[in-house]
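Engineer: Have a look at this prediction, sequence included:
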Amino acid sequence: MVLISKSQKDVSLDASSGQQQSPGKETARAEGTADSFVPMHHLPSSPAISQSTPVFLTKMIDYCFDEINHSLAEIDVDYYADSIDQLVSQLATPSYPLDRVSSSDRRRIAQDLAAIHARFLSLHSPANEGEEDLFKHALQRINELAEKIKALENADRCVEVAIEDRVDSWQSKSTWGRKREAPNCHVSYVGCKLPDAFAKRSDLANYVAYGVLGDGGCWARALWQATLSQILDDGARFDAFTSKVKQTRADFGSDRHFFSHNDLSDVLAILEVLKHANPEQRLEMLNHDRVDLTLQMFMRKLIAAQFRQRNPGRTEEEAQYIDRIEIPTTFGGGFEIMTFAQYFNIAIHEVSKVSKKGQMTLQHHVYNAGSEIFAKAGELPPVMLYGVSSIHYEILKRA
């Protein structure tokens, strides 16, 4: 959110269409200039907000704060009260849910509104009873939003406490469940040489294959490996991913099949422990039964909840299919991988063996390619899915 002149922006946002002309005050705004703005408390920029808050919410918040800034520049009390009303009302609608705004951004909004209100009063005392009522109404609305933000902060803190409790419990290997050893480990400790077809591809020549237990959950384990390789050693990506994990309760909490707060805390605790472990420790932890099952079931239930939410009128056959996804031994593939990748806005690469006329060839596919995070176009990630056959996934890891 930035202070800008009226000549730069004079539009309102519509949840469905994007932009439309702002109603009212057209004449007053048209007469203003950038020079008429009063120096004031600067608001955070949009890029800083959009990192953790959805873009559609960031645009609405930006627009409302621009309107508030304009009203301050024009010392227009009526315009100011309307602008405050608009922001608080919008954040109370299903289209712009306040709980989707990140915790830090919510606090920033509350602090900035309080600062702006104090600034306005320091520049302009109420000239009459009508203006005094408008100021009181604006302050009431600001306080109303602050109370909602405080309630959400308290709820977030309850989840954080649960997560901290779980992190402590996950420090002990006795809570990780039985450790799987070769040849029945969840993910192999030892890489193996790939078929000759890989050596012919310069971009794949330095990858090694790692086996994954083929019990119906191979796709989920391989997908977690590809995901973890992108987030565990990057603080910003890790924070963005875990923030999205926390948000799943708000997105799918009404689905009776979805994770409870405690189960979700287990997922977050596992991720936190993995983040601070070295590669060998990470692999060992992922080969323990309880860790493997917790991560796999979170992925399965998330995918199922998204499908139910998107398809309320699903057929009986579709309902049975998605119910089966929640069973640990049910095979998954492209649909499940794409659903997970899109929800967390990550790109997942897959290299598959394909037989054509008796000859084995390699097929490279990127799920959710629009979110590609790698610096160079065409650069491959450190870990990819490896489609060994139509029903089994392993992983490719850069040597």
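Structural biologist: Nice, I can see it.

Engineer: Start from the N-terminal end of this structure and give the helices.
Structural biologist: Along the chain, counting by DSSP state H, helices occupy 26-31, 46-50, 55-73, 77-90, 103-123, 129-170, 196-199, 218-231, 235-252, 261-275, 279-286, 289-310, 316-325, 334-344.

Engineer: which stretch in the ones you listed is the model least sure about?
Structural biologist: Here those differ in mean pLDDT, and the lowest is helix 26-31 at a mean of 35.

Engineer: Share the number of residues neighbouring Phe198, please.
Structural biologist: By the other C-beta atoms under 10 Å criterion, the neighbourhood of Phe198 contains 20 residues. Bear in mind the C-beta positions are built from the backbone N, C-alpha and C, glycine included.

Engineer: And for the one 4 residues further on?
Structural biologist: Other residues within reach of Ser202, judged by other C-beta under 10 Å, total 7.

Engineer: and it, backbone torsions?
Structural biologist: Dihedral pair for Ser202: phi -60, psi -30, per degrees, to the nearest 10.

Engineer: Could you tell me the per-residue confidence at it?
Structural biologist: Ser202 carries a pLDDT value of 80.

Engineer: next one: Val208
Structural biologist: At Val208, pLDDT is 91.

Engineer: List the contacts of it.
Structural biologist: Contacts for Val208 (C-beta atoms under 8 Å, 6 or more residues apart in numbering) come out as 191-194, 396-399.

Engineer: Make TSV from these and add pLDDT to it.
Structural biologist: Output for the contacts of Val208, formatted as TSV (pLDDT from 0 to 100):
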residue	pLDDT
Gly191	87
Cys192	87
Lys193	79
Leu194	82
Leu396	94
Lys397	93
Arg398	89
Ala399	82
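
Engineer: residue nearest the centroid of the protein?
Structural biologist: Nearest residue to the geometric centre of the chain (C-alpha atoms, centre = their mean): Lys244, 3.5 Å.

Engineer: Hmm, that one is touching Ile346, no?
Structural biologist: No: assessed by C-beta atoms under 8 Å, Lys244 is found out of contact with Ile346, at 9.8 Å.

Engineer: Kindly present the contacts of Val208 as JSON lines, with separate columns for neighbour count and distance to Glu153.
Structural biologist: What follows is the contacts of Val208, written out as JSON lines (neighbours: other C-beta atoms under 10 Å; distance: C-beta to C-beta, whole Å):
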{"residue": "Gly191", "neighbour count": "15", "distance to Glu153": "46"}
{"residue": "Cys192", "neighbour count": "10", "distance to Glu153": "50"}
{"residue": "Lys193", "neighbour count": "9", "distance to Glu153": "53"}
{"residue": "Leu194", "neighbour count": "19", "distance to Glu153": "50"}
{"residue": "Leu396", "neighbour count": "26", "distance to Glu153": "43"}
{"residue": "Lys397", "neighbour count": "19", "distance to Glu153": "41"}
{"residue": "Arg398", "neighbour count": "13", "distance to Glu153": "41"}
{"residue": "Ala399", "neighbour count": "8", "distance to Glu153": "46"}
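
Engineer: so of those residues, which ones are in strands?
Structural biologist: Judged by DSSP state E, the contacts of Val208 include 191-192, 396-398 as members of strands.

Engineer: I'd like the distance between the residue lying closest to Phe307 once chain neighbours are set aside and Ser174.
Structural biologist: Excluding its sequence neighbours, the residue lying closest to Phe307 (C-beta to C-beta, 6 or more residues apart in numbering) is Ile322, at 4.7 Å. Distance from Ile322 to Ser174, counting by C-beta to C-beta, to the nearest Å: 35 Å.

Engineer: the more surrounded of the two?
Structural biologist: The residue with more neighbours, out of Ile322 and Ser174, is Ile322; 21 against 7, by other C-beta under 10 Å.

Engineer: Just to check, that one is in contact with Thr315?
Structural biologist: No: using C-beta under 8 Å, Ile322 makes no contact with Thr315, being 10.7 Å away.

Engineer: circling back to that earlier point, nearest to Asp112 among the contacts of Val208?
Structural biologist: Nearest to Asp112 among the contacts of Val208, counting by C-beta to C-beta, is Arg398 at 44.6 Å.

Engineer: what sits against the closest one?
Structural biologist: 206-208, 380, 382-383.

Engineer: Which of the residues you listed lies at the shortest distance from His186?
Structural biologist: Taking C-beta to C-beta as the measure, His186 lies nearest Val383 of the contacts of Arg398, at 14.9 Å.

Engineer: Can you check the pLDDT for the closest one?
Structural biologist: Confidence score, pLDDT, at Val383: 94.

Engineer: ok, now the one 10 residues further on?
Structural biologist: Per-residue confidence at Tyr393 stands at 95 (pLDDT).

Engineer: List the beta-bridge partners for it.
Structural biologist: Gly387 (DSSP bridges).

Engineer: next one: Val383
Structural biologist: Residues in beta-bridge contact with Val383 (DSSP bridges): Lys397.

Engineer: And it, how far from Glu350?
Structural biologist: Noted for Val383: a distance of 11 Å to Glu350, by C-beta to C-beta.

Engineer: and if you look at His70?
Structural biologist: Distance, His70 to Glu350, by C-beta to C-beta: 50 Å.
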